[in-house]
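Trainee: Task: produce atomic coordinates for the following.
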Amino acid sequence: MPFPEADLLVDRRRLKRQVSLWRFAAILVLLGASLAAAYHLGEPHWGRGHVGRLAVSGVITDDAARLRTLRELAKDGRVKALLLRIDSPGGTVVASEELHRQVRAIAERIPVVAVLGQTAASGGYMVALGADRIVAREGTVTGSIGVLMQTADVSGLLRKLGVSMEQIRSVPLKAVPNPLEPLTDEGRRAVREIIEDMHAMFVRMVAERRRLDADAALRISDGRVYTGRQALPLGLVDELGGEDAALDWLARERGVPRDMPVRDVRVSRPGEGWRDLSSRAFSALTGKSYLPERLTIDGLVALWHPDLGQR
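Mentor: A predicted model of the protein is given here:
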């Protein structure tokens, strides 16, 4: 025989537990929102602001997320200065140039100091040129002001394998250079003109940003690398030191309080964790991780790599 009172009591207890669960969830959501607001609108917003610190490391390639982060940074009134920590051998000309110009856009609003690490060469140095001041360690490898394009001729190997390639093109210089055929004198001249044009752009950047006359900029832009100690008297860097020297300069010359907090600028990439895992798995399967990054870059590059010199 059913007991209505007992059933009602069970239902009330069940309803009470559900209400308590929803209340707990609402408190968690409210707490999370409060923490997020405190992080974004807390001390940097209510106080004096902060100095941003952005790392540029590894081979520089097109990175839409990093550029988007820099554009947002340029609009963030809480950021009073930017430390650009560079540890890069360079990368593609286009990516390095684009990053350089984005740094210049930020420098129009707030002071920017480039702090060079172990290596800041070629395209890495091009990015540093966008800063108002460049600080390097004595042993920093920098310079390597130059541009290159690499190709290979595997036509001889294909002939030994009994493979012949035939191409029909509208004009002689279409698809030059091409690894499936030897580079002609005409093609070599056309490629050299491209390289020289991009090198002239790089040298002009050095002359303008480092306040050097054209001849002086050209003399030090022969592709060689310099240590920080060598780069200082040449005018490629402003000071030897590290982040402390950069912060001292900001306080002395730009009025940024020396005790202002320094906060890392995180480049947010949607799905980054999954892509990173997939990339590692692919590398493990193909052995790609053992190949120098330089071999995976197409087109014009401004890159220094000590292990791949000509023999």
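
Trainee: Please list all residues in contact with Glu208.
Mentor: Contacts for Glu208 (C-beta atoms under 8 Å, 6 or more residues apart in numbering) come out as none. Every residue, glycine included, has its C-beta placed from N, CA and C.

Trainee: Secondary structure class of it, three-state.
Mentor: helix (DSSP: H, G, I helix; E, B strand; the rest coil).

Trainee: Please apply the same query to Glu253.
Mentor: Relying on three-state DSSP, one would call Glu253 helix.

Trainee: now it: how far from Asp132?
Mentor: According to C-beta to C-beta, to the nearest Å, Glu253 stands 9 Å off from Asp132.

Trainee: Between those two, which is the more surrounded one?
Mentor: Asp132 (20 against 12; other C-beta atoms under 10 Å).

Trainee: what touches both of Glu253 and Asp132?
Mentor: Contacts common to Glu253 and Asp132, judged by C-beta under 8 Å, 6+ apart, are Pro111.

Trainee: Mind jotting down where the strands sit in the protein?
Mentor: Using DSSP state E, the strands of the chain run over 50-57, 79-88, 90-92, 112-121, 133-136, 141-143, 225-227, 239-240, 262-264, 301-303.

Trainee: what angle do the fourth one and strand 79-88 make?
Mentor: Calculated by axes from the mean of the first three to the mean of the last three C-alpha atoms, to 10 degrees, strand 112-121 forms an angle of 0 degrees with strand 79-88.

Trainee: Partner strands of strand 112-121 and their direction?
Mentor: Strand pairing for strand 112-121, using DSSP bridges, gives strand 79-88 (parallel), strand 133-136 (parallel), strand 141-143 (parallel).

Trainee: Turn those into CSV, including distance to Pro179 and mean pLDDT.
Mentor: Listed next are the strands paired with strand 112-121 as CSV, based on distance: least, C-beta to C-beta, whole Å; pLDDT from 0 to 100:
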stretch, distance to Pro179, mean pLDDT
strand 79-88, 27, 96
strand 133-136, 38, 98
strand 141-143, 30, 96
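
Trainee: any chance of those strands in a markdown table, plus mean neighbour count and distance to Tyr125?
Mentor: Below are the strands paired with strand 112-121 laid out as a markdown table (neighbours: other C-beta atoms under 10 Å; distance: least, C-beta to C-beta, whole Å):
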| stretch | mean neighbour count | distance to Tyr125 |
| --- | --- | --- |
| strand 79-88 | 23 | 8 |
| strand 133-136 | 26 | 9 |
| strand 141-143 | 25 | 5 |
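
Trainee: of these, which approaches Ile27 most closely?
Mentor: Ile27 sits nearest to strand 79-88 of all the strands paired with strand 112-121, at 32.7 Å, using C-beta to C-beta.

Trainee: Could I get the contacting residues of Ala95?
Mentor: Counting by C-beta under 8 Å, 6+ apart, Ala95 has contacts 60-63, 123.

Trainee: Filter those down to the buried ones, PyMOL style.
Mentor: Buried residues within these, by 16 or more other C-beta atoms under 10 Å, are selected in PyMOL with:
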select buried, resi 60+63+123
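
Trainee: Tell me where the stretch 151-300 of the chain is predicted with low confidence.
Mentor: Low-confidence segments of the stretch 151-300 of the chain, defined by pLDDT under 70: 175-176, 178, 180, 270-300.

Trainee: Go again with 50.
Mentor: For the stretch 151-300 of the chain, the stretches with pLDDT under 50 are 277, 280-298.

Trainee: in the sheet, who's paired with the residue nearest the centre of the chain?
Mentor: Computing the C-alpha centroid of the chain and ranking residues by C-alpha atoms, centre = their mean puts Val56 first, at 4.1 Å. Beta-bridge pairing for Val56 (DSSP bridges): Ile86.

Trainee: out of the contacts of Ala95, which one sits closest to Leu148?
Mentor: Gly123 (11.2 Å).

Trainee: Glu181: neighbouring residues, count only.
Mentor: 16.
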